[in-house]
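Engineer: all I have is the shape, not the residue letters:
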């Protein structure tokens, strides 16, 4: 008995190791960066899943259950839980460690051609000019917080890379300019020129982690499928670089493709040959970038593919609660171990949520200003009107039936999104609010917030649904589950400008089991029929750009929606199956080995090739390729797509075997039954889902939070000292023309660094700006902020700096003191004695002789090259 058991456990452990290794490859994680903790953590998840899998399969066999599920495949079941455990483990570490972990360089496989490049500051400035024009002066000041802080970066551009399959390249077609020297990477990029289709891929990661390394294998597969080239970009991440920093970077990447600088290795790519693609946060960035380009009349790409796009930062749809168990997203969202970087308030006295305290009509950037506390309103319950016939709606707003989809409004002070708070998309308005007595506002823990305070009023005093100033206040309030409760107030404003009406075809992909499923389905239908799914009135009231666009852009978008199930039901059982098993999870393309993911890659590639290679007439009729569909009984052929009039929308469901069938009618989709006033507003249930997890993290890391606050003070003192010392060593800003410079003994006029003409701003230029609290451009209390400050002072300064002082390690100090020590004795011997003068003269002669020899060598090399060129001609 011992032998079989030993063999079983050995085989099981080998399977565990193999599965972990395979998933590490899928996630682009190197074994060298995996800690022992991570290995143990995932190994336990594998063993637990193996046991649960066997138990579940045994029950299905015993019950004669013929319905297939994705998790019936042991490999997918293990991979799903390993990925989920990896992401959950990330929440137990600091943001910095998670970002470093997911940005570790991974070598590409030998059959691929990967050429790293850096998008220059010139392209970044072009993108910044477009964004400044798009925002306009009012929103730049009120929402963004200025036009300077989000242009500040540490690198001299943006890291990116070209990807293609080596077998698709034609090196012989590369035209080499004899007067220019090319690096191997440049030659590689030039050999990709003949590839017709180009995919600009924007990776996901909750807007604050992930990189081109975590997604490289997926992008390689896209390049293989489209027989073209892909371009991926390592955009800046929150919380160090919050919105609109990532939007700025991806827009610069697109401009780099279509309007490359003179020294770029690639030729300008026509927009009609480019397809945008992105997953999760990357999908949201693609959609926002398309909106900016559309609004400004810039050339649009041929099409876009949005894989599980995240654009509703308020999580206002039902699936955010119903699909938690079937998705890889942590149950309480993305939280992290406290560090000097995040969260902004690791210690929050009295709790993180408060009862209504401010004037609902305050502007977003003024919600936390001193004057805001002079506009305190009384506690007002949010009770719906008694006229239930208003808007043809008989269900009370915020009632139990609509708990998961009723309106709601924003996020806690340090969370710009409940489930990905690092994105912090608003401008200011994030600081701690205080009352007139300078005490913290009346925040309270979750167990007290859920109790009605009894200050309710009669429903007769509550405005009807047409009063958007009450139901959709600004700054927002949370619409309570109990309609007579006083609403809760959170302290930052969510702004997201992306709309879905585009003049190009768009493919949407969603997993039926992911938490973002409902918003993706709604978004796709809204794009195809904007008149039926209008924008919420409060958004139009508060957004200048939305107000301009509401009537300007109303043409339906051509949409292909694919929702991936996690099941396969035989045809003879479909009429009898009432309970549907869980669907596929968030960004199903991560699981490249599954049949359904392979179908997703195939459909994306066919779409990309069609929109970049077919004629305009063909695309105008139908931009989507004809893919294999499964015939169904009693289903008309045209039910797969609405081809009437100017509308084209194909809605499909894909099972685990890649078989496609039509989606159910719109009336049967819960997400499409929500009123516009319920979209983009946080609900009480969503708030408490986040708050429960955040309070657990506050308790778990209580002592670390105290240490974080002390460390921040240390960094602030270092920053002050750095700036003071830089001033003493000659730092002078361009705006300080009348600045009286302090005398510096022996200061050299030769700078070690450089003032870069294309670097517009630095951290010392933000006197009139209001960057978000997490932005390191405006911070002095983190190590990254100090590194950015030092780089902009001593190494790569912006044009706003007149001088670059020498750092302490570089500057020679010539003291005026007359005391004797070893170095001074050596200085006297070298400069004053007869022996010293002879040595100096001989050294000068040797230097001249070496210089002359080098010049002769260069002349001979040049003449040899010239002779070879003449013979060749």
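Structural biologist: Looks like it arrived, so ask away. These numbers come from a predicted model, not from an experiment. Residues are numbered from 1 along each chain as shown.
Engineer: what ranges does the stretch 701-850 of the chain have for its helices?
Structural biologist: 702-728, 783-790, 822-832, 834-872 (DSSP state H, counting those that start in this stretch).
Engineer: low-confidence ranges in the stretch 451-600 of the chain?
Structural biologist: Counting by pLDDT under 70, the stretch 451-600 of the chain has low-confidence residues at 451-477, 479-502, 568-582.
Engineer: picking that back up, by mean pLDDT, show me the worst of the helices of the stretch 701-850 of the chain.
Structural biologist: Among those, helix 822-832 carries the lowest mean pLDDT, at a mean of 49.
Engineer: quick one: contacts for residue 649?
Structural biologist: Residues in contact with residue 649 (Cβ atoms under 8 Å, 6 or more residues apart in numbering) are 524-525, 528-529, 558-561, 641-642. Yep, even glycine has a C-beta here, placed from its N, CA and C like the rest.
Engineer: and if you look at residue 330?
Structural biologist: Listed by Cβ under 8 Å, 6+ apart, the contact set of residue 330 reads 87-88, 91, 693.
Engineer: report the buried members of these.
Structural biologist: With burial judged by 16 or more other Cβ atoms under 10 Å, the buried subset of the contacts of residue 330 is 87, 91, 693.
Engineer: report the separation between the residue lying closest to the last one once chain neighbours are set aside and residue 155.
Structural biologist: Pointing back at residue 693 there. In space, residue 693 comes closest to residue 332 once its chain neighbours are excluded; the distance is 2.4 Å by Cβ to Cβ, 6 or more residues apart in numbering. Per Cβ to Cβ, to the nearest Å, residue 332 is found 33 Å from residue 155.
Engineer: out of those two, which sits in the busier spot?
Structural biologist: Taking neighbours as other Cβ atoms under 10 Å, residue 332 and residue 155 compare with residue 332 leading, 19 against 14.
Engineer: look at that one and report its pLDDT.
Structural biologist: With respect to pLDDT, residue 332 has a value of 88.
Engineer: what's the answer for residue 638, then?
Structural biologist: 36.
Engineer: any stretches of the protein with poor pLDDT?
Structural biologist: Along the chain, segments meeting pLDDT under 70 span 1-38, 350, 354-477, 479-502, 568-582, 627-647, 737-752, 807-873.
Engineer: and for stretch 337-344, what's in contact with it?
Structural biologist: By Cβ under 8 Å, 6+ apart, the residues outside stretch 337-344 that reach it are 91-96, 239-240, 336, 346, 413-415, 421-422, 430, 697, 701, 704-705, 708, 711-712, 715, 773-774, 781-784.
Engineer: excluding its backbone neighbours, what's nearest residue 671?
Structural biologist: Using Cβ to Cβ, 6+ apart and skipping residues adjacent in sequence, the residue nearest residue 671 is residue 518, 3.6 Å away.
Engineer: nope, residue 593 is what I was after
Structural biologist: residue 75 (6.7 Å).
Engineer: now the strands for the stretch 151-300 of the chain?
Structural biologist: 158-165, 198-202, 229-233, 274-279 (DSSP state E, counting those that start in this stretch).
Engineer: strand 198-202 and the last one, what's the angle between them?
Structural biologist: In other words, strand 274-279. Angle, strand 274-279 to strand 198-202, by axes from the mean of the first three to the mean of the last three Cα atoms, to 10 degrees: 30 degrees.
Engineer: partner strands of strand 274-279, parallel or antiparallel?
Structural biologist: strand 198-202 (parallel), strand 303-307 (parallel) (DSSP bridges).
Engineer: I'd like the ones you listed as CSV, with mean neighbour count appended.
Structural biologist: Listed next are the strands paired with strand 274-279 as CSV, based on neighbours: other Cβ atoms under 10 Å:
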stretch, mean neighbour count
strand 198-202, 26
strand 303-307, 28
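Engineer: reformat the ones you listed as JSON lines; add distance to residue 273.
Structural biologist: What follows is those, written out as JSON lines (distance: least, Cβ to Cβ, whole Å):
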{"stretch": "strand 198-202", "distance to residue 273": "6"}
{"stretch": "strand 303-307", "distance to residue 273": "11"}
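Engineer: out of those strands, nearest to residue 538?
Structural biologist: With Cβ to Cβ as the criterion, residue 538 lies closest to strand 303-307 of those, at 24.8 Å.
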